[in-house]
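K.L.:
Next come a sequence and a model predicted from it.
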Amino acid sequence: MEACNAYYYATRDPLGSRGDFTTAPEISQMFGELIGAALAAAWQAAGAPSDAVYVELGPGRGTLAADALRVLRSAGFTGDAHLVETSPMLRKAQAEAVQGARWHEAIADLPERPWLLVANEFLDALPIRQLAGGKERHVVVAGGGLAFDRDGEIDEESPAREAAAGDVARHLASHGGLALIVDYGHARTAPGDTLQAVRGHRYAPVLDRPGEQDLTSHVDFEAIGRSAVDAGAAVTPLVSQGEWLNRLGIGARAASLVDANPERAAELAAAVQRLTGKNGMGELFKVLAIHCPDWPQPAGFA
Ligand code: SAH
């Protein structure tokens, strides 16, 4: 999964209608703006530390960063943007969207300062292990193609995701800041096979075309929260993306955009539906914040 995704992201821009999948920031500017507003409010509540930096893990085309930073700048935030991105191709797109950004290969390379961190659909792309009937399942070459070596009730675990959450949390606990983690997944650890492949906006068999389709699985937010707490950070309750965006005022933001652009009313209403509705991303996608225990709980979680 790790090798396939490294190749996949290094060789294409997978986002948008002509790619394989569409993410929330690509649906509407409102998504990144509300994230920027939540980060700005948390930063101000912590006394607006001037050494804080914006950090994003897996920023895609840089759309979310551009929208969030516009709001952060208007709130007086002047910190640099630090992007963790391994794909040379996506780094190019990010350079066009975010002036003066700096790039890093890994979380461990980020500066030792307070972070205002965002990770949207990042953890789902990190590799998982599957256990079938309690034993690790492997991918083998069989009959000229790839196959799983065993079946049975599937459990999933992701040391890579837990390590990323732990690294972020350890940093926040000692240097300050907060992280907004947005992804699809479940609130409690539970058995089940959630590995999926997407190509051209359709599900595909997971072992087809290795490296040519997006491989992800649902994020186990219980495991992420546990590893953040073990590393010394505070975590918020998990809320659905729909509920979180509604609490942050997506309705008011949409109304003001409609006032300024009446011809876009239908498009904006559709975007709100897609981002918050049960049939869109509103319920499957969830938001968890990890924060320094000395920083107040960010907005939208209580
Ligand atoms: N956050 C963006 C893109 C999500 S796609 C959005 O919401 O539109 C996943 C992103 O994570 C891509 O930018 C991909 O290149 C990056 N990525 C995947 N695996 C990574 C890894 N191991 N290290 C750093 N970035 C990674």
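P.N.:
All right, it came through fine.
K.L.:
When you work out contacts or count neighbours from here on, use the C-alpha atoms and nothing else.
P.N.:
OK.
K.L.:
Up against the ligand, what does the stretch 51-200 of the chain have?
P.N.:
For the stretch 51-200 of the chain, the contact set with the ligand under C-alpha under 6 Å from any ligand atom comprises 58-60, 84-87, 120-122, 125-126.
K.L.:
Sort out for me which of those are in strands.
P.N.:
84, 120 (DSSP state E).
K.L.:
For the top strand by length along the chain, give the mean pLDDT please.
P.N.:
Under DSSP E, the strand in the chain containing the largest number of residues is strand 177-186. Averaging pLDDT along strand 177-186 yields 98.
K.L.:
The residue nearest in space to the middle of the chain and residue 286: what is the separation?
P.N.:
Centroid-nearest residue in the chain: residue 120, 1.7 Å away (criterion: C-alpha atoms, centre = their mean). Relative to residue 286, residue 120 is positioned 10 Å away (C-alpha to C-alpha, to the nearest Å).
K.L.:
swap in residue 25?
P.N.:
From residue 25 to residue 286 the distance is 15 Å (C-alpha to C-alpha).
K.L.:
go on, residue 249?
P.N.:
Taken as C-alpha to C-alpha, the span from residue 249 to residue 286 is 17 Å.
K.L.:
Same question for residue 206.
P.N.:
24 Å.
K.L.:
If you count surrounding residues, which of those two has more?
P.N.:
residue 286 (23 against 18; other C-alpha atoms under 10 Å).
K.L.:
Verify the stated contact: the more buried one with residue 218.
P.N.:
No: taking contacts as C-alpha atoms under 8 Å, residue 286 lies outside contact range of residue 218: 10.7 Å.
K.L.:
Please enumerate the shared neighbours of those two.
P.N.:
Common neighbours of residue 286 and residue 218, counting by C-alpha atoms under 8 Å, 6 or more residues apart in numbering, are 183-185.
K.L.:
Please, where are all the helices along the stretch 201-302 of the chain?
P.N.:
221-230, 241-248, 250-260, 265-276 (DSSP state H, counting those that start in this stretch).
K.L.:
Can you say which of those helices is nearest to residue 294?
P.N.:
For residue 294, the closest of the helices of the stretch 201-302 of the chain is helix 221-230, at 13.9 Å, according to C-alpha to C-alpha.
K.L.:
Distance check, the residue nearest to residue 87 when sequence neighbours are not counted against residue 214.
P.N.:
Spatially, and ignoring its direct neighbours in sequence, residue 87 is nearest to residue 10 (4.4 Å; C-alpha to C-alpha, 6 or more residues apart in numbering). Look at residue 10 and residue 214: by C-alpha to C-alpha, they are 12 Å apart.
K.L.:
More neighbours: those two, which one.
P.N.:
Ranked by neighbour count (other C-alpha under 10 Å), residue 10 and residue 214 place residue 214 first, with 24 against 17.
K.L.:
Kindly tell me how buried residue 283 is, as a neighbour count.
P.N.:
Neighbours around residue 283, by other C-alpha under 10 Å: 18.
K.L.:
which one is it nearest to, not counting chain neighbours?
P.N.:
Among residues not flanking residue 283 along the chain, residue 240 sits closest, at 5.3 Å (C-alpha to C-alpha, 6+ apart).
K.L.:
From the structure, what's the count of residues near that neighbour?
P.N.:
Neighbours around residue 240, by other C-alpha under 10 Å: 23.
K.L.:
just checking, residue 297 touches residue 237?
P.N.:
No: look at residue 297 against residue 237 with C-alpha under 8 Å: they stay out of range, at 10.0 Å.
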